[in-house]
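Peer 1: generate a structure from the sequence data that follows.
(4 chains)
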Number of protein chains: 2
Amino acid sequence: MQAGLSKSILADVRELDLFAEMEDANFGALMRGAYIQNFPPQIELITEGETSDFLHIVLSGSVNLFASWNGRETSMTTLQPVSTFILAATIRDAPYLMSARTLEKSRVALVPSQDVRAVFGTDAAFARAIVTDLAQAYRSVVKNTKNLKLRTSLERLANYLLRQSRQHGASETFELSTDKRRLASYLGMTPENLSRVRWPPFSGQCCGAAKLAC
Amino acid sequence: MQAGLSKSILADVRELDLFAEMEDANFGALMRGAYIQNFPPQIELITEGETSDFLHIVLSGSVNLFASWNGRETSMTTLQPVSTFILAATIRDAPYLMSARTLEKSRVALVPSQDVRAVFGTDAAFARAIVTDLAQAYRSVVKNTKNLKLRTSLERLANYLLRQSRQHGASETFELSTDKRRLASYLGMTPENLSRVRWPPFSGQCCGAAKLAC
DNA sequence: CGCCCCTCTTGATATTTGTCAAGACGCCAC
DNA sequence: GTGGCGTCTTGACAAATATCAAGAGGGGCG
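Peer 2: I've put the predicted structure just below:
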C-alpha cells in the first residue's frame, strides 16, 4: 500500500473520460487522497450491502463484479484496466449492490468516496463526465436486461460470441477472455448448459441476433 | 398540442428532483421550448432504435416502457406522473433502447433533447441533478438484473407482492396497479405461469426474499 | 513418470417454464 | 336477457434449463 499515485499511473487515470476534463487542482486533490493496493487473485475487494467508502479504479489485472442471494451467485460484469467501478454507489452514498473480487493479481486505486462527492459538487466538468459515464453504464445494464428477458440462453451465447468476434477484428477464431464457468454465470446459465450447446441449423433470423445487445 | 406549459404544470415539473435546483433562467429556457401533448391509451410514444429528439415527462396518466426483439416483447417498467423518462438516451444523444406507450389517456411534456444537452453543459446544478437521477436509475436496473438472474419466477412474484404491500402501508390486501398480463411480462414470466402460482409451504428463507430488490 | 487438482464434458433425470387449446368469468352493448 | 369480447384460468403437453453424478483431459509438482 502506498499513499499518492506515481506519475505514470496518474497519467493513465487522468486519461479516463471520467477525469479527462476536470480541473487540475481537483484532480490533484482526488489523487492525493487516493491510495494504491496490490491484491492477489480471488480476493474480495468489496461486499454487497456494505457502504461505499471508495471509488475503485482497476489499474492492472482484472476484477469481476458479482451478486449473490440465497446461496446462488451470478457474475454481473468483468472489468479490465483502466476503468472505474461502483461509481453510482459512491455518488449516491448508498450500499454496494454488487460484490467485487480480483480474478488475477491486480492493482487497484482507491479514492475516498467523500472526496469524489465533494469534487462532484464543485467541479462542473467532473459532474458532466460522471453524467456521461453513468448514462453509458445505465444503457449497458438495460441492454443486458433486454438480453436476459428476450433471448434464450443459446441466443445469448451466440450474441456474446458474435460481439467477441467483432471485438477481435471479426476473425474466425479467437480466445475467450474468461473461463467457461464465469461465462455461463454471466450469460445466466449453468456451465453444463453452456457446455451442451450445439448449433442447430440456423434460421434466417440468426444474423439479426446481434442487434439487441451491441 | 400547445407551445409552452401552464403555470400549474410548470410548478409540478419544477418540483421534480431533476429540475428543482437549476437556475430559473435555464429552467425557463427548457420549458419555453417544450410542448404538451395529450394521448389516448395504447399510443406508442417512442420506438426503440429511433434517435431521442425529446426528453419526455409524464404529467398525467401512465406510460409503459417495453422492449421487443424477434417477435417477443417484454415490459421493462411503468411510469406514473410526475416523472421523466429516457434521460440517458437524451444525454448521450443515442438511440432509444426501449419503446414507450401510454396505458391510459395521458398528458406528456416533450422537451427537445438538444435543449436538455445545452443546459446540461452550462448549468452545474442541473448536471448534478442528472447525475443523481441516473445513478438512481442505474441502481434500479442493476437490482432488476439481480432479480432476474438470482431468483425463480415464483420468488420474483413473491418479492413484487411484498414490495407492493409495503408501499400500500403493509396492509393485508391491496389492488394490483397493473393487469396480470403486463405484470407477468414485467416479472419475466408468462401470464399462464403467473396464474398458476400456488404458494408452497414457506421455507424459513422466505422473509429474506425482500432484501434483494427493495 | 504418477499423482492430484482443476476445469470441462457428458449422461440421466428432475424441475421449471413456455405453448397451445379450451373453458370460465365478468363486463358492456344492444 | 343474450351475445360478443377481453382477461384470466386451467389442463395437457413440450421445450428449456437445472441438478446430480461420473468421467475425460490437461497441467503442475514431487
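
Peer 1: for chain A, what spans make up the strands?
Peer 2: A:2-3, A:35-39, A:44-46, A:54-60, A:63-69, A:72-79, A:83-85, A:99-102, A:106-112 (DSSP state E).

Peer 1: to B:Ser8, which of those strands lies closest?
Peer 2: strand A:54-60 (41.2 Å; Cβ to Cβ). In this view, the C-beta of every residue, glycine as well, is placed from N, C-alpha and C.

Peer 1: check which residues of that closest one are buried.
Peer 2: A:54-59 (16 or more other Cβ atoms under 10 Å in any protein chain shown).

Peer 1: ok, back up a step: for DNA strand C, which of the strands of chain A is the nearest?
Peer 2: Smallest distance to DNA strand C across these (Cβ to the nearest atom of the strand): 12.1 Å, for strand A:72-79.

Peer 1: check the gap between A:Thr145 and DNA strand C for me.
Peer 2: Distance, A:Thr145 to DNA strand C, using Cβ to the nearest atom of the strand, to the nearest Å: 14 Å.

Peer 1: over to A:Leu10?
Peer 2: On the measure of Cβ to the nearest atom of the strand, A:Leu10 and DNA strand C end up 35 Å apart.

Peer 1: and the closest residue to that residue other than its chain neighbours, how many residues sit next to it?
Peer 2: For A:Leu10, ignoring the flanking residues on the chain, the nearest one in space by Cβ to Cβ, 6 or more residues apart in numbering or on different chains is A:Met31 at 6.0 Å. Residues lying near A:Met31 (other Cβ atoms under 10 Å in any protein chain shown) number 19.

Peer 1: show me the contacts for A:Met31.
Peer 2: Listed by Cβ atoms under 8 Å, 6 or more residues apart in numbering or on different chains, the contact set of A:Met31 reads A:4-5, A:10, A:13, A:111.

Peer 1: next one: stretch A:86-104 to chain centre, how far?
Peer 2: From the chain centre to the centre of stretch A:86-104 is a distance of 10 Å (Cα atoms, centre = their mean, to the nearest Å).

Peer 1: what about it and chain B, any contact?
Peer 2: Yes: counting by Cβ under 8 Å from any Cβ of the partner chain, chain B has neighbours in stretch A:86-104: A:87-89, A:91-92, A:94, A:97-98.

Peer 1: distance between the ends of that stretch?
Peer 2: Distance across stretch A:86-104, first residue to last, is 19 Å (Cα to Cα, to the nearest Å).

Peer 1: so who does A:Asp93 touch?
Peer 2: A:51-52, A:113, A:117.

Peer 1: all helices of chain A, in order?
Peer 2: For chain A, the helices defined by DSSP state H cover A:7-15, A:17-20, A:24-33, A:87-92, A:113-122, A:124-150, A:153-167, A:180-187, A:191-196.

Peer 1: out of the ones you listed, which gets the lowest mean score?
Peer 2: Among those, helix A:7-15 carries the lowest mean pLDDT, at a mean of 89.

Peer 1: who in chain A is up against DNA strand D?
Peer 2: A:152-154, A:188-190, A:192-193 (Cβ under 7 Å from any atom of the strand).
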